[in-house]
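Visitor: this is the structure alone, sequence omitted:
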């Protein structure tokens, strides 16, 4: 580029930012302006310097580096050979459409339906091969497998769920709030109050720890292979959902659906009825794409104070790479990532499915969930 | 290369910091554009060091804010000096000034304890370097608060009023990616990723930082460290560990690495029991191979 005018610099950087955005790199107009300012500050004949400077300004995570390098190559090299930048952008726009699957809602995630349907056959084949874990011989309810539970025993599950939630809500955080009476003196407020009485500390003000606002996100697999457990797990989730305000629930089989609203403030039977209207029950499983849809569709639900629980047997027919990538992203955002697998209780079960193997390195806890004992054991881990 | 970038590179190198074009360019832009620089990368690659070296190179103060969960405004920004306020009130008891006056006097600057953020924007002489270390360890509320300070470089204290920075600090944030930072904070900053150094860079770092090390030993040691990074250990040794190991070997007057020396001193760069065992087996089998050029 030989002494380009400042106007053409601005135009170019705006276009460059646009093609970055189309590939999912969040380069805002404000950053385009910064990029233009940058280009005036550096030596444009030094390609490496131009590259490093723009990368520093326009990307904000190392994951974007690859896309940036690719586009930089095309865009700035193309430019110096006086190619039409417009063409590049249009081509980017087309290929960008495939890359950018970021459904903002369930409606848009349904666009992937043909893809899921194509994989349907494979999914149902897989699920028929599964052996459910052998039920324990013991008569005690605590060790009885969920798959053998009767309706009268459901109440026990709900009771446990409520206890877990109560514990979760009562953990103190490290932040303070003023209270009328407590064990810690709030010096700032006390001193202020003392001024009214001529500097004499007549009344102390107190502070105490704010309760921790832990949030729970539950992602429950409702595909065919989970059929035996789904009913019980839903009972568990239903109780969780109605004991704590900050619980979000999703179900997935081949696609993801948010059911928080359907579970809220209803008795269990009515909640089940309402769930009947949702799609994809007892079908195949695509855990990877479902989790990817969750990560990109509801990024604000998960933060440091969130415990994410995945309830699934790990029989995935999607690509294990996609599952691993989604879990890695979840793990980075969440306070804790827990995978509960009903099959884990079976002595013959080894987490050797490709999906499960890819998932394991990203989990904080991988535990069974098939009887009341395992549910009680879970209580210990649901803390941040 | 732009003259300023070269100068920054030289300045850093004069402080015995081995750097590359990416670091120098980012620092130059952060200063030229007046934006904070967010540095990410694995632990122990010298992220914090950049801020320290920058402060030394610019001959200015380094103000450090170490982040942790629960960090709040009273520890990061300011707090009133209560004992001093109380004493003052007691001493003024007999004087006939009214309550409003007294209040104004004890909520004034002499009674203010400046915490790092306030220190950084009230430096009367020049721009200090503000290091916000391990920002990923703080919580979301603090991040939002930080965003406010970093966008305006202005702080409001109810009793005193707004304080605007006379000299904007050079801000460096570091993150180990234990938590995803918000997009808003990321967008506010320039971005620099520092990875484990290449063989050549690491060798240069070892020789700069541990000048007494022999040429042969520094070669062997750097090769072993570089090889150990590909063993998928749970705690991958960073540059800090390399330097610890180099210093220990020099202190022990080691001339060459052999299996015995390695197994006696590997605690310098391996900080995990399982890693130690894994590395020991690996070293027993192929230490020669690790130390040979081109491994």
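Guide: Thanks, I have the structure now. Just so it is clear, the model here is predicted, and its values are computed rather than measured. Numbering: from 1, shown residues only, chains lettered A, B, ... in the order given.
Visitor: C-alpha from now on. contacts and neighbour counts both.
Guide: OK.
Visitor: correct me if wrong: residue A:39 contacts residue A:8.
Guide: No: with contacts counted by Cα atoms under 8 Å, residue A:39 stays clear of residue A:8, the gap being 11.1 Å.
Visitor: break chain A into its domains for me.
Guide: If you go by automatic domain parsing, the domain ranges for chain A are A:6-99, A:106-169+A:213-381, A:172-211.
Visitor: out of those domains, which comes closest to residue B:81?
Guide: Among the domains of chain A, the nearest to residue B:81 by Cα to Cα is domain A:172-211 (9.2 Å).
Visitor: now the closest one: buried residues?
Guide: Residues of domain A:172-211 classed as buried by neighbour count (16 or more other Cα atoms under 10 Å in any protein chain shown): A:173, A:176, A:178, A:185-187, A:190-195, A:198-201, A:204-209, A:211.
Visitor: the residues you listed: which ones sit near chain B?
Guide: A:173, A:187, A:191, A:195, A:198-199 (Cα under 8 Å from any Cα of the partner chain).
Visitor: among those, which ones are in strands?
Guide: residue A:173 (DSSP state E).
Visitor: can you name the two of the ones next to chain B among the buried residues of domain A:172-211 that are farthest apart?
Guide: A:173 and A:198 (35.1 Å).
Visitor: my guess is residue B:133 contacts residue B:66. True?
Guide: Yes: counting by Cα under 8 Å, residue B:133 does reach residue B:66; the two are 4.9 Å apart.
Visitor: the more surrounded of those two?
Guide: It is residue B:133, of residue B:133 and residue B:66, that has more neighbours when counted by other Cα atoms under 10 Å in any protein chain shown, with 22 against 16.
Visitor: what sits against residue 274?
Guide: Answering for chain A, as no chain was given. Counting by Cα atoms under 8 Å, 6 or more residues apart in numbering or on different chains, residue A:274 touches residue A:262.
Visitor: distance of it relative to residue A:225?
Guide: Distance, residue A:274 to residue A:225, by Cα to Cα, to the nearest Å: 22 Å.
Visitor: residue A:216 now?
Guide: Distance, residue A:216 to residue A:225, using Cα to Cα: 25 Å.
Visitor: isn't residue A:376 up against residue A:160?
Guide: Yes: contact criterion Cα under 8 Å: residue A:376 and residue A:160 qualify, at 7.3 Å.
Visitor: does whichever strand or helix holds residue B:32 reach chain A?
Guide: Assigned by DSSP states H and E, residue B:32 falls within helix B:21-33. Yes: legend: contact between helix B:21-33 and chain A by Cα under 8 Å from any Cα is shown at B:21-22, B:25-26, B:29, B:32-33.
Visitor: ranges for the strands of the stretch 201-350 of chain A?
Guide: Taking DSSP state E, counting those that start in this stretch as the criterion, the stretch 201-350 of chain A contains strands spanning A:206-211, A:215-221, A:247-252, A:256-258, A:306-311, A:336-341.
Visitor: now for the third one, which elements pack on it?
Guide: Judged by 3 or more Cα pairs under 8 Å, 6 or more residues apart in numbering or on different chains; DSSP states H and E, strand A:247-252 is in contact with strand A:215-221, helix A:227-241, strand A:256-258, helix A:260-263.
Visitor: so what angle separates the directions of the second one and strand A:306-311?
Guide: This points to helix A:227-241. Using axes from the mean of the first three to the mean of the last three Cα atoms, to 10 degrees, one finds that helix A:227-241 and strand A:306-311 are set 160 degrees apart in direction.
Visitor: neighbours around the closest residue to residue A:275 other than its chain neighbours, how many?
Guide: Of all residues not flanking residue A:275 in the chain, residue A:262 sits nearest, at 6.7 Å (Cα to Cα, 6 or more residues apart in numbering or on different chains). Neighbour count of residue A:262, defined by other Cα under 10 Å: 18.
Visitor: surely residue A:262 touches residue A:276?
Guide: No: counting by Cα under 8 Å, residue A:276 is not a contact partner of residue A:262; they are 10.2 Å apart.
Visitor: so where's the stretch 1-150 of chain A shaky on pLDDT?
Guide: Residues of the stretch 1-150 of chain A that meet the criterion pLDDT under 70 lie in A:1-6, A:77-150.
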